[in-house]
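Student: Just a sequence and a predicted model for now, questions to come.
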Amino acid sequence: MLEVSLVHYIILSALLFCIGLCCVMVSRNLLRIFMGIELMLNAVNINLAAFAYFCDGMVLGGQVFILFVMAISVCEMAIGLVIVVALSRHSENIDVNSQDVLEDKQ
Amino acid sequence: MGILNFLIFAFLFCLILISALGVVAARSISVSLVCMMVCFLGVSGVFFSLGADFAGASQIILYGVSVAILMSFAIMLVSKKDDRVLGVSFSWRSLIGGICCFGILMILFFTMSDGGRGLPAVLKKSIHPEAFSSTFKTASELFSSYILPFEVLSLILLIILLGAAVIAGKERR
Amino acid sequence: MSFFVDYIWLVPLFSLIAFLIISTGNMFVLHRNSRISAYLTLSSSFLGLVFGVLAFIYCYISENIWFERTFSWISVDALSFDFGFMVDNLSATMVVMVCFISLLVQIFSMGYMKEDPEYSKFFGYLALFNFAMCFLVLSPNLFQAYIFWEMVGLCSYLLIGFWYWKNSASKAAYKAFIVNRVGDFGFLLGMVAFGIFTFNYWINSDLSFLSFSDLNMAVFYLKDVFGGYSVVIIGLLFLLASCAKSAQFPLYVWLPDAMEAPTPVSALIHAATMVVAGVFLLARMYPLFEVSSLLMGAVVVIGIFTALLCGVFALFERDLKRVLAYSTCSQLGYMFFAIGLGAYSAGIFHMFTHSFAKALLFLAAGCVVFALGGRQDIFEMGGLRKRMPVVAYSFLAGVISLSGLFFSGFYSKECIFQAVFESGNIWLSVLFCAIGILTAFYLFRVYFLVFEGEENRSVGEVRSIPFSMIFSVCTLVVVSVLFGFLLGGHFGIKSFDELIYYSFKEGYRPSFLLVILSVCLSLSGVIGAYLLSKAGKRVYLFENLRFVVDWFYENVVSRVFCIVSKLFDFVDRYIVYGVVYICGLLVNLFSLLLRSLSSKNIGVYVVLSMGWLILLFIVLYGFKELFV
């Protein structure tokens, strides 16, 4: 238990992933949903780094992959936020539970 | 030496999870933004402890700084004065969300423990290899084996730039 | 000489070419009433006749020829539906008859239809009919026979309704076509049933499907495997087809109304050629009929009943052409009767003599109608012998032939008489004698009313008859006089039954007694008619007797059909369409279900996208755990 091994990092990653998922599913604010997505991606990164460290030896494929994940997540974040901003111009609020966010106001 | 490792890990563990919970549970969106930043810093710490120097550094730069700034700009642009506090509400959606989270957590734990039978040997590793420069290794991998995804990534970034510019532009009447 | 048999498929082809040229030419170049179409059709028929006669001579001099040439049209596994022609004695003789009568009718129509504005269309239709009829006669299998059977029916429709602006004519054309359709239905069902039941026979042997040459073996196979009932049922279906085409009871109703057609058409189609297609079918399907005595009995009953009934109708009829139409039905009944008794050659022989005699009668009647400017009521005629002697004597010759007094009809009637008496059935013999008297009676009644006696006041102006019409009539007189005589077995020429027989040469040598009996019967009919005409009384009795059957059809049969078709409509509308409707409804419901997944709420999408994946993971993990 006291020896920090792979299990501990994986448990951390799992818990972080679930919290991020919870954040996405539960929150009403669109921006908080994005935050949850970021949390999930970070959990994945932790997982990748842990496996790369403990199992991969000299070939650090996991760490390279972390870079890709980070880059993609930043891209997706950028576009998503631009869309949110455009959406908020269009409708009054960004409450995902409300009925009129996607409404076509002619 | 082992116990120091363990203490550092425990600290980062608590930091990450508590701040993640803060993201979920905070009433105001700005508070959840700050919690998210703290979480990112914690993750960066985890990277450093796993020998992923470059990953940790880029985590701080990308997430801890630029994503946080991006989010804060978004919050500023989007929030309105008469905005209600949009916190967690108890609806059917949250119920399903809760069930799903619990389910996925259980799955992950069961997978880890190989169906409840016990940890497989691979997960019990705690070998700490000698220090090496992971940055160098990462770079050499990136430019040899992973050159194609790297180039594709640059293309994606270009498209994202253009797309963001187009979407964010003012609508023409 | 065998060249003409090899190339006998040219005979219908000439007519087809003529038809195609006329029909396309009508659209572009040929003027509506151009004479070119007449000459085209005439030359094609003449060429066909030459070929046919030479082929017939070849068949005559060689013994028992059976020449068949087909090519495979549709070939599925071991079955092949062939198309081609078959020449045996029967088909060669029929080709000659068809082409000859066709040629004479076309010559006749040159004069008769002279002033008709749609002259070339008429000749086109005549050419088409010639093509269809010749190929029907030359068919090597049931399949091709069906195709041309229908085509002949089509030509009949086209020609009956030729004067389509007349309401009665177009209605008569419908009637003819629909009643023929009933027969076609029987033909199709019979053909399909026969094909299906004897399927194994055709597959195992390397023969062309449903060919006539192998029909008797197929029938034996059918009887062995499926028993007598299948033969009876299939035979009844073919009998239905023959009855419709040859106007037997109860499907004869189209023939009297078909007299709305121009007289050449009546002569060609409804006396000489198309209505004998039914008898031809019986002759071709004779192996099938021969096997079952029930079928033969049915044929006899239908034949004799029609002969009697239509003879009675003819007795009270006042329209000239309609008398001849009922006479045709009656004589066809004779032919059915003869074939049903087993006298194959006698029946076929009677078919030939009747064709020539009836064509003669119709053409002569056509001359009369033409001369009187379109009037057809015999009560308005009289004493026309002095006005048009040639026509009168031709009509007399035809009537004598048909009532069996002398000329060709005498010979064929003798053969049937012999067969009747040999069968030993008292009732049949009595009925036959009665019909003999009746035939002579009504035929001579017409002759006496039209041509003898004083001239009726209302006759009026008599137009002069064109030479082409007289020519046709006289030629037919010559042929019909000589035909029976030549083929009666004298002068060393083969007699008819040596030419066309089924399985054995029947050898007609009627006894002297029978000859005397039949002549006496016919003469009594003649005397009766003469006395009737002398008495001057016009028998208006039972004038509308024939409408009884029409009433029956209109009220009973059509009511039944209405009910049945309402039932089918219900099935079609609610059950068949209902299935289609339910399919559409199901699609609608499914799309409703899918539509409910989309909403204006973003939250729904968020939950769905994540939750679905997670659900998938849970399920897959569960599978892995449980089954691996």
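Tutor: Yep, it's here. Residues are numbered from 1 along each chain as shown, chains lettered A, B, ... in the order given.
Student: And for stretch C:8-15, what's in contact with it?
Tutor: Stretch C:8-15 has contacts (CB atoms under 8 Å, 6 or more residues apart in numbering or on different chains) with C:41, C:43-45, C:47-48, C:51-52, C:55, C:69, C:84-85, C:87, C:92, C:95, C:99, C:127-128, C:130-132, C:134-135, C:138. Every C-beta, even on glycine, is put in place using the N, C-alpha and C of the backbone.
Student: try 7 Å this time
Tutor: C:44-45, C:47-48, C:51-52, C:55, C:85, C:87, C:95, C:99, C:127, C:130-131, C:134-135, C:138 (CB atoms under 7 Å, 6 or more residues apart in numbering or on different chains).
Student: next one: stretch C:553-567
Tutor: C:V253.
Student: Flag every buried residue along that stretch.
Tutor: C:Y553 (16 or more other CB atoms under 10 Å in any protein chain shown).
Student: that older thread, narrow the contacts of stretch C:8-15 to those in strands?
Tutor: C:85, C:87 (DSSP state E).
Student: near chain A, which of the contacts of stretch C:8-15 show up?
Tutor: Contacts with chain A within these, as defined by CB under 7 Å from any CB of the partner chain: none are present.
Student: Give the full set of residues in contact with the closest residue to chain C within chain B.
Tutor: Closest approach of chain B to chain C (CB to the nearest CB) occurs at B:C100, with a separation of 4.5 Å. Listed by CB under 7 Å, 6+ apart, the contact partners of B:C100 are A:21, A:25, C:610-611, C:614.
Student: Am I right that A:I66 is in a helix?
Tutor: Yes - counting by DSSP: H, G, I helix; E, B strand; the rest coil, A:I66 is part of a helix.
Student: Quick one, grab the pLDDT at the spatially closest residue to it that is not a sequence neighbour.
Tutor: Excluding the flanking residues, the one nearest A:I66 by CB to CB, 6 or more residues apart in numbering or on different chains is B:A55, at 4.6 Å. With respect to pLDDT, B:A55 scores 92.
Student: what helix or strand is B:F110 on?
Tutor: According to DSSP states H and E, B:F110 maps onto helix B:92-112.
Student: avg pLDDT for that helix?
Tutor: 80.
Student: Now the element after it, going C-ward?
Tutor: Heading C-terminal from helix B:92-112 (DSSP H and E), you reach helix B:134-144.
Student: Would you check how far apart the residue nearest to A:I66 and B:N5 are?
Tutor: For B:A55, the distance to B:N5 equals 19 Å [CB to CB, to the nearest Å].
Student: again with C:G584
Tutor: 69 Å.
Student: more crowded one of those two?
Tutor: The residue with more neighbours, out of C:G584 and B:N5, is B:N5; 15 against 10, by other CB atoms under 10 Å in any protein chain shown.
Student: count of residues packed around residue 6?
Tutor: With no chain named, the answer covers chain A. 22.
Student: Chain B is the one I meant
Tutor: 15.
Student: Distance from the chain centre to the longest helix seen in chain C, please.
Tutor: Longest helix in chain C by number of residues, with DSSP state H as the criterion: helix C:167-197. How far helix C:167-197 lies from its chain's middle: 10 Å, per CA atoms, centre = their mean, to the nearest Å.
Student: and it, what other elements does it pack with?
Tutor: With contacts taken as 3 or more CB pairs under 7 Å, 6 or more residues apart in numbering or on different chains; DSSP states H and E, helix C:167-197 sits against helix C:142-160, helix C:228-245, helix C:254-257.
Student: Tell me if I'm right that B:S44 and B:G64 touch.
Tutor: Yes - B:S44 is within contact range of B:G64, at 6.5 Å (criterion: CB atoms under 7 Å).
Student: In terms of neighbours, single out the busier of the two.
Tutor: The neighbour count for B:S44 versus B:G64, taken as other CB under 10 Å, is higher for B:S44 (24 against 20).
Student: Am I right that the more buried one sits in a helix?
Tutor: Yes - B:S44: assigned to a helix according to three-state DSSP.
Student: Low-confidence regions, chain B specifically.
Tutor: Counting by pLDDT under 70, chain B shows low-confidence ranges at B:1, B:81-90, B:114-133, B:170-173.
Student: domain parsing for it?
Tutor: As recorded under automatic domain parsing, the domains making up chain B are B:1-79, B:90-119, B:134-173.
Student: can I get these in TSV with distance to C:K171?
Tutor: TSV is the format used below for the domains of chain B (distance: least, CB to CB, whole Å):
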stretch	distance to C:K171
domain B:1-79	84
domain B:90-119	74
domain B:134-173	73
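Student: Highest mean neighbour count out of these?
Tutor: Greatest average neighbour count among those goes to domain B:1-79 (a mean of 19), per mean count of other CB atoms under 10 Å in any protein chain shown.
Student: ok and the residue in chain C nearest chain B?
Tutor: Closest contact between chain C and chain B, by CB to the nearest CB, is at C:I614 (4.5 Å).
Student: and that residue, what does it touch?
Tutor: So C:I614 contacts B:100, B:103-104 (CB under 7 Å, 6+ apart).
Student: Say whether chain A is contacted by the longest helix anywhere in chain B.
Tutor: Ranked by number of residues, the top helix in chain B under DSSP H is helix B:2-25. Yes - using CB under 7 Å from any CB, helix B:2-25 reaches chain A at B:2-3, B:5-6, B:9, B:13, B:16-17, B:20-21, B:23-24.
Student: Please give the element, helix or strand, for the closest residue to C:M259 other than its chain neighbours.
Tutor: Distances taken as CB to CB, 6+ apart place C:K321 nearest to C:M259, at 4.2 Å, with adjacent residues excluded. Using DSSP H and E, C:K321 sits in helix C:320-341.
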